[in-house]
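Engineer: how would this look folded up:
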Amino acid sequence: MPPPPDDYPRKPKRLRLVLVAIVLVVVGLGAYLLWPAPTLDDEAAIDAALPTEHDLPGFIPFDGLTGALSPPTGHKSGRTVLTGDELAAQCETYRAEKDGWACADLRGMGWVVLERAQNVFFRVLSTVLAYPDEDAAEAAYQGLVADNRREVPDDHTESEPGLGDESISFRLYGVTAFAVRVDTVVVEMFVQDGSDQVPEAAERAMAEKWPNLQLDKLEAALD
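Structural biologist: Down below sits the predicted model:
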């Protein structure tokens with residue numbers, strides 16, 4: 001009988017290694033599918049996800065800029081966080097305004113507006129909408145995109161800025177708007193020059209800075 005090949009004793013070991021690798025892949029995939037996506041699960045977390053004037057030197061709180069959603073009731077200080085009964089009451093307003101897409105399974109919302117101190121018409125806005133899971137957030141993101149497409153003038157331009165898990169931007173004269181989803185959170189952001197006093201280069205620089213600042217705050221709050 002001829003001697004066994006050199007790798008004969010190693011075949012069972014190789015088989016065990018393959019089986020172990022398969023088990024690890026299956027376990028890892030199962031954990032990925034079952035592990036819940038991070039959420040903003042209370043008022044403090046939503047508040048932490050909102051930039052402040054300290055994050056944007058030269059800007060101060062402002063209370064009068066409207067995105068796809070109207071400003072929350074009582075929004076006077078440039079910053080609002082709503083949960084619970086206050087959120088439910090605000091959603092009644094949104095449904096009456098045909099913006100009910102935002103309220104399906106909505107857990108909480110945050111709103112911040114800042115304006116440049118030397119130019120009261122150069123403003124930035126963020127609306128943060130927190131949902132319990134990615135399916136609800138995805139539906140709200142699609143609602144936000146559709147709402148923007150209905151409301152912006154025909155001469156706007158759209159692009160995909162590559163922010164978060166999915167995003168789209170709308171550019172028109174004096175305004176850049178962003179719709180972004182990160183895990184279970186949807187964010188609308190505006191950069192507006194309502195006076196035409198800010199150089200276009202500065203406006204475009206802020207249209208890059210503000211979304212990145214907002215998403216840095218959000219991701220830190222989600223961790």
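Engineer: This structure - how does it break down into domains?
Structural biologist: 1-35, 43-222 (automatic domain parsing).
Engineer: Now the first one: average pLDDT?
Structural biologist: Averaged across domain 1-35, pLDDT comes to 51.
Engineer: Show me which strand runs longest in the chain.
Structural biologist: The longest strand of the chain (DSSP state E) is strand 119-130.
Engineer: packing partners for that one?
Structural biologist: helix 43-48, strand 108-116, strand 185-193, helix 200-222 (3 or more Cβ pairs under 8 Å, 6 or more residues apart in numbering; DSSP states H and E). All C-beta spots, glycine's among them, are computed from the backbone N, C-alpha and C.
Engineer: ok, and for that strand, which residues are buried?
Structural biologist: For strand 119-130, the buried set under the neighbour-count rule, 16 or more other Cβ atoms under 10 Å, comprises Phe122, Arg123, Val124, Leu125, Ser126, Thr127, Val128, Leu129, Ala130.
Engineer: For Glu53, grab the count of nearby residues.
Structural biologist: Neighbours of Glu53 under the rule other Cβ atoms under 10 Å: 17.
Engineer: On the pLDDT front, check it for me.
Structural biologist: Value for Glu53, per-residue pLDDT: 95.
Engineer: How much space separates it from Glu203?
Structural biologist: 19 Å (Cβ to Cβ, to the nearest Å).
Engineer: Export the helices and strands packed on strand 119-130 to TSV and append columns for distance to Arg79.
Structural biologist: TSV is the format used below for the helices and strands packed on strand 119-130 (distance: least, Cβ to Cβ, whole Å):
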stretch	distance to Arg79
helix 43-48	8
strand 108-116	5
strand 185-193	15
helix 200-222	13
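Engineer: what residues are up against the residue nearest to Trp111 when sequence neighbours are not counted?
Structural biologist: Leaving aside its sequence neighbours, Trp111 sits nearest to Thr80 (Cβ to Cβ, 6 or more residues apart in numbering; 4.6 Å). Contacts for Thr80 (Cβ atoms under 8 Å, 6 or more residues apart in numbering) come out as Pro71, Pro72, Gly74, Gly110, Trp111, Val112.
Engineer: Can you select the buried ones among these for me in PyMOL?
Structural biologist: Listed next is the PyMOL selection for buried residues among the contacts of Thr80, using 16+ other Cβ under 10 Å:
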select buried, resi 71+72+110+111+112
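Engineer: Check the contacts of Thr80 against Ala140 and report the nearest one.
Structural biologist: Gly110 (14.2 Å; Cβ to Cβ).
Engineer: Residues in a beta bridge with the closest one, which ones?
Structural biologist: Residues in a beta bridge with Gly110, per DSSP bridges, are Val81, Val128.
Engineer: quick check, nearest of the buried residues of strand 119-130 to Thr66?
Structural biologist: For the buried residues of strand 119-130, the nearest to Thr66 is Leu125 (8.2 Å; Cβ to Cβ).
Engineer: you'd agree the closest one is up against Gly110?
Structural biologist: No. Using Cβ atoms under 8 Å, Leu125 makes no contact with Gly110, being 11.3 Å away.
Engineer: re the thing from before, turn the contacts of Thr80 into JSON lines, columns for distance to Gln214.
Structural biologist: Shown next, in JSON lines, are the contacts of Thr80 (distance: Cβ to Cβ, whole Å):
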{"residue": "Pro71", "distance to Gln214": "17"}
{"residue": "Pro72", "distance to Gln214": "18"}
{"residue": "Gly74", "distance to Gln214": "22"}
{"residue": "Gly110", "distance to Gln214": "11"}
{"residue": "Trp111", "distance to Gln214": "12"}
{"residue": "Val112", "distance to Gln214": "9"}
